[in-house]
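Student: sequence first, predicted coordinates after that:
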Amino acid sequence: MAENDLDRISENQHPRPDYRANLENRALYKKHIREARRFGAINWCFIIFVWVCLISVGGIIVIKILHVLLPQQYCWLKKEQLDNINDFFVDGSIGGLVVGFLKSSIMDKKEE
């Protein structure tokens with residue numbers, strides 16, 4: 001008798017799609033696509049920024065090396081300008097790295 005009851009139950013082979021569920025799925029999908037595109041745009045902006053910084057710093061390094069290697073008659077920067085480049089690299093970036101390293105080392109020792 002139980003088997004006969006199950007035989008009478010039938011399911012619709014092609015259920016009608018729920019209109020609201022489809023709208024929600026589309027909205028979520030579009031939101032995901034917008035976020036992925038925005039993340040991609042931010043990612044590309046960051047990559048371009050890094051390349052611009054690397055090229056700029058590389059150019060400054062090449063100029064500094066040329067001024068060290070070339071004879072004085074071919075150098076085009078003044079002494080003050082070269083001192084500014086030296087200050088930027090020594091005081092700015094390298095000095096910042098050293099201070100940051102020492103600061104983190106001291107904070108790690110205090111936590112122990």
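Tutor: Looks like it came in fine.
Student: for residue 60, which residues are in contact?
Tutor: Each residue near residue 60 by Cβ atoms under 8 Å, 6 or more residues apart in numbering is listed here: 85, 88, 89. C-beta: built from backbone N, CA, C; applies to glycine.
Student: gap between the first one and residue 69?
Tutor: Right, the one you point to is residue 85. 15 Å (Cβ to Cβ, to the nearest Å).
Student: low-confidence ranges in the protein?
Tutor: Within the chain, the segments meeting pLDDT under 70 span 1-17, 93-95, 108-112.
Student: show me what secondary structure element comes after the host helix or strand of residue 84.
Tutor: Assigned by DSSP states H and E, residue 84 belongs to helix 79-87. Remark: after helix 79-87, the chain's next helix or strand is helix 95-111, criterion DSSP H and E.
Student: so that next one versus helix 79-87, what angle?
Tutor: Angle of helix 95-111 versus helix 79-87, following axes from the mean of the first three to the mean of the last three Cα atoms, to 10 degrees, is 30 degrees.
Student: send the alpha carbons of helix 95-111 over as PDB?
Tutor: The C-alpha trace of helix 95-111 is given here as PDB (Å, rounded to 0.1, in the frame of the first residue of the first chain):
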ATOM      1  CA  GLY A  95      67.100  56.400   7.100                       C
ATOM      2  CA  GLY A  96      63.400  55.600   7.200                       C
ATOM      3  CA  LEU A  97      64.100  51.900   6.800                       C
ATOM      4  CA  VAL A  98      66.700  51.900   9.500                       C
ATOM      5  CA  VAL A  99      64.500  53.800  11.900                       C
ATOM      6  CA  GLY A 100      61.500  51.500  11.100                       C
ATOM      7  CA  PHE A 101      63.600  48.400  11.700                       C
ATOM      8  CA  LEU A 102      65.000  49.700  15.000                       C
ATOM      9  CA  LYS A 103      61.500  50.700  16.100                       C
ATOM     10  CA  SER A 104      60.100  47.300  15.400                       C
ATOM     11  CA  SER A 105      63.000  45.600  17.100                       C
ATOM     12  CA  ILE A 106      62.600  47.700  20.200                       C
ATOM     13  CA  MET A 107      58.900  47.000  20.300                       C
ATOM     14  CA  ASP A 108      59.400  43.300  19.900                       C
ATOM     15  CA  LYS A 109      61.900  43.200  22.800                       C
ATOM     16  CA  LYS A 110      59.500  45.200  25.000                       C
ATOM     17  CA  GLU A 111      56.700  42.700  24.300                       C
END
